[in-house]
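Enquirer: sequence below, structure please.
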Amino acid sequence: METTSLSAIFLTGLLTGGLSCMAVQGGLLTATIAQREQDKLKEGLKNAGHALPIISFLVAKLIAYTAFGFFLGWLGSLFQFSLGGQIALQVFVAIFMIGTALSILDVHPFFRYFVIQPPKFLTRFIRKKSKSKDIFAPAVLGGFTIFLPCGVTQAMMTLAIASGNPFLGASILFAFVLGTSPVFFILGYFTARIGSLHQARFMRLVALFIIGFAIYNLNNALALSGSNLTIENGLKKINCSISFCEKASASNLGESLSDIAITIDEYGYTPNRFTVAKGSEVTLRLTASGRGSCAQAFTIPSLGIQKLVQTGTTEIVKFTTPNEPTEISFMCSMGMYRGTIKVM
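Expert: Okay, here's the model as predicted:
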């Protein structure tokens, strides 16, 4: 692969990869920094370095993805988490975040088990216990992010597979993850720096921030499972009970379509709401343009459809609609960008 291509991949990570993966992976980084700041507060430490745990997280992440890129290039076949796997991982991350937040708030001693510590056999060989914590926990979580790829990362993984070369595959993911690193470093450093200045108050704020991340991920997991028990649907029902929006939306959607062209960009899907006839064959033409985003990992949870759309390409999705009026949600694999197909 040419240097210019790797440069473009690096810029993709720098401009979009870090932001699109922030919801899940940023939450993990914030959680481990928050754990460390809580330990410092309890031990009376105020002047420990801020950069070491962040660098540990990012270096472990970079090594893990580079090694995985090597494996994908060698494997040469499509790798993609199943929908059930995506949901399970998001729920697991949300539970971990909530446990971390409750540990910070000292709600119950049980939540101390959510704080990652080095194994005992490793601590025997490490003289400075505080430094081992600084390195070990962030490194574990940094490596764990390989199991939580966002849509743009999945696109890079597919590119690594398509290269058919383990060294090119490793180079692709190395360049991409390296590009995402500045955004994550700024997030982690800001969390640690502000925490050292006003630790007690800031840790409560961070705990609430982590809980917010957890709720966001749980909500996305519910959306991916096809459940209607999401925050958006709840707000919609409240709004519609006041404004009668169902009738209004039905009249605004226009006539039923059977062949729909959907443009995918960094802002999501266009159009993101349209009408189709019940019991009909529908064709979706998905075209990814502009910079990459999570939206490229197109998913229709209720139909079990997943399609990864590379930038500059078009993918076709065909399905038969139900024989009764309903709404079918589509979204990216992280549940961040969404749309609705109204069956009438």
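Enquirer: Three-state assignment for Pro322, please.
Expert: coil (DSSP: H, G, I helix; E, B strand; the rest coil).
Enquirer: wait, it sits on Val343?
Expert: Yes. Contact criterion Cβ atoms under 8 Å: Pro322 and Val343 qualify, at 5.9 Å. In short, each C-beta sits where N, CA and C put it, glycine included.
Enquirer: what's the overlap in contacts for these two?
Expert: Lys278, Ile328 (Cβ atoms under 8 Å, 6 or more residues apart in numbering).
Enquirer: quick check: phi and psi at the closest residue to Ser56 other than its chain neighbours.
Expert: Counting by Cβ to Cβ, 6 or more residues apart in numbering, Ser56 lies nearest to Pro138, which is 4.2 Å off, once chain neighbours are set aside. With angles defined as degrees, to the nearest 10, Pro138 sits at phi -60, psi -40.
Enquirer: neighbour-wise, which of Pro322 and Val343 wins?
Expert: Val343 (19 against 12; other Cβ atoms under 10 Å).
Enquirer: and the more buried one, how close does it get to Ile300?
Expert: With distances taken as Cβ to Cβ, to the nearest Å, Val343 is found 12 Å from Ile300.
Enquirer: joint contacts of the two?
Expert: Common neighbours of Val343 and Ile300 (Cβ under 8 Å, 6+ apart) are Ile328.
Enquirer: my guess is the residue nearest to Ser56 contacts Pro53, does it?
Expert: Yes. Applying Cβ under 8 Å as the test, Pro138 and Pro53 come out as touching, 4.3 Å apart.
Enquirer: what ranges in the stretch 201-344 of the chain fall below the confidence cut-off?
Expert: For the stretch 201-344 of the chain, the stretches flagged by pLDDT under 70 are 201-203, 206, 243-256, 290-293.
Enquirer: over to Ser333: give its phi and psi.
Expert: Residue torsions, per degrees, to the nearest 10, at Ser333 are phi -70, psi -10.
Enquirer: in the helix or strand hosting Phe274, what counts as buried?
Expert: When elements are assigned from DSSP states H and E, Phe274 belongs to strand 273-276. Going by neighbour count (16 or more other Cβ atoms under 10 Å), the buried part of strand 273-276 is Phe274, Thr275, Val276.
Enquirer: can you tell me which of those is closest to Gly335?
Expert: Phe274 (19.9 Å; Cβ to Cβ).
Enquirer: I'd say the closest one and Lys342 touch.
Expert: Yes. Contact criterion Cβ under 8 Å: Phe274 and Lys342 qualify, at 7.2 Å.
Enquirer: I'd say Pro53 and Thr30 touch.
Expert: No. Look at Pro53 against Thr30 with Cβ under 8 Å: they stay out of range, at 11.4 Å.
Enquirer: and the two? which has more neighbours close in?
Expert: Neighbours were counted for Pro53 and for Thr30 using other Cβ under 10 Å; Pro53 has more, 28 against 24.
Enquirer: following element in sequence after whichever helix or strand that one is part of, please.
Expert: Following DSSP H and E, one finds Pro53 within helix 51-75. Remark: after helix 51-75, the chain's next helix or strand is helix 83-104, criterion DSSP H and E.
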